[in-house]
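In: just a sequence and a predicted model for now, questions to come.
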Amino acid sequence: MIPVSVVVMTRNEAANLPLCLPRLDRFAERFVVDSGSTDGTPAIAADRGAKVVPFQWDGRYPKKKQWCLDHLPFAGDWVLFVDADERPTPALVGEIAALMAEGPDRAGYWIDGRPVLHGRPLRFGCWNRKLALFDRRRARFPEISDLDVAAMWEVEGHYQPVVAGPTGRLRHPMDHADEKPLSAWFDRHNRYSDWEAALRGDGRMERLIDNEAGRRRLMKRLLHRVPCRPLLVFLHAYVARLGLLDGRAGFDHALARAFYYWQVAVKTRAAVVRRAP
């Protein structure tokens, strides 16, 4: 067994969990931290051998990810956060197994998320990247002043844990393949854009970007300030990153990214107008 504890946070993930948990069988521990699901998610997790832990948010920090680090009875020190709609590829699982056997020389590792759209993994375009594997003794999710943004509720927003020490990047990805209807995907990104617009509107996003490091911080600062961001995001994903070679799925994914940033821009301007005297 790979000496890593996997944390899967859930709320009504019956559609995704049966496909996610089998990809995690080689890991020493699998925690499913559930927020009052009503669709049978806890029973699915228990039937597949995961340790089910109930969670009820109290409306304050720590939010759910940091709560997991603080309260779960981990057997070891290395933790992998996996969303219910993510599937670690066999190559990634093997890479983590080899890393743990050799002994990690970093405090944490970034993992690429490969989008799956219309049933096919995208080869090109823009993927996401998360600091998902790390030594829990050397990591903490920052407390962002965002409790006023109701849309983000109990889970930390689009930011990474702060890790005390150097980080690396794994070569193999996790597939991001949501089995829920596309309406759920759009609803989720509508909430994310509410959160991002609130932080961009009053300077909190700039302070959050300061927690990033190196090239990632530079790129986020540029994206934060550049004009015509939705158009540039589309062209970057569809043309510069060759998303056009993924056909219709590549076009739809690039357009969805651009639409997300258009939502952020519109909501940010609306927030600024509301605050104006």
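Out: The structure has been received and is ready for your questions. Numbering: from 1, shown residues only.

In: okay, buried residues for stretch 46-63 please.
Out: By 16 or more other C-beta atoms under 10 Å, the buried positions in stretch 46-63 come out as R48, A50, V52, V53, F55, P62, K63. C-beta here means a position set from N, CA and C on the backbone, and glycine is covered the same way.

In: starting at the chain centroid, how far to that stretch?
Out: Averaging C-alpha positions (C-alpha atoms, centre = their mean, to the nearest Å) puts stretch 46-63 17 Å from its chain's average.

In: contacts for that stretch next, please.
Out: By C-beta atoms under 8 Å, 6 or more residues apart in numbering, the residues outside stretch 46-63 that reach it are 8-9, 17-18, 21-22, 29-36, 42, 45, 64, 67, 70, 72, 141, 143, 147, 153-156.

In: hang on, the earlier thing: the buried residues of stretch 46-63: which two are farthest apart?
Out: Greatest spacing in the buried residues of stretch 46-63, by C-beta to C-beta: R48 and P62 (27.3 Å).

In: ok, of the contacts of stretch 46-63, which come out buried?
Out: Neighbour counting by 16+ other C-beta under 10 Å classes 8-9, 17, 21, 29-35, 42, 45, 64, 67, 72, 141, 154, 156 among those as buried.

In: which of the residues you listed fall in strands?
Out: Of these, the ones assigned to strands by DSSP state E are V8, M9, E29, R30, F31, V32, V33, D34.

In: list the contacts for the first one?
Out: Neighbouring residues of V8 by C-beta under 8 Å, 6+ apart: 17, 20-21, 24, 30-33, 45, 50, 82-84.

In: closest one of those residues to L208?
Out: D83 (20.4 Å).

In: are we agreed that the closest one is in a strand?
Out: No - under DSSP: H, G, I helix; E, B strand; the rest coil, D83 sits outside any strand and is assigned coil.

In: contacts for stretch 267-277, please.
Out: So stretch 267-277 is in contact with S193, D194, A197, A198, R200, G201, D202, going by C-beta under 8 Å, 6+ apart.

In: coming back round to it: any chance of the buried residues of stretch 46-63 in JSON lines, plus distance to V272?
Out: JSON lines is the format used below for these (distance: C-beta to C-beta, whole Å):
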{"residue": "R48", "distance to V272": "47"}
{"residue": "A50", "distance to V272": "45"}
{"residue": "V52", "distance to V272": "44"}
{"residue": "V53", "distance to V272": "41"}
{"residue": "F55", "distance to V272": "35"}
{"residue": "P62", "distance to V272": "30"}
{"residue": "K63", "distance to V272": "26"}
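
In: make a markdown table out of these and add secondary structure.
Out: Below are the buried residues of stretch 46-63 laid out as a markdown table (three-state DSSP):
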| residue | secondary structure |
| --- | --- |
| R48 | coil |
| A50 | coil |
| V52 | strand |
| V53 | strand |
| F55 | coil |
| P62 | coil |
| K63 | coil |
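
In: mind giving me a markdown table with the residues you listed and columns for distance to R274 and pLDDT?
Out: Formatted as a markdown table, the buried residues of stretch 46-63 follow (distance: C-beta to C-beta, whole Å; pLDDT from 0 to 100):
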| residue | distance to R274 | pLDDT |
| --- | --- | --- |
| R48 | 47 | 96 |
| A50 | 44 | 98 |
| V52 | 42 | 98 |
| V53 | 39 | 98 |
| F55 | 33 | 97 |
| P62 | 30 | 95 |
| K63 | 26 | 95 |
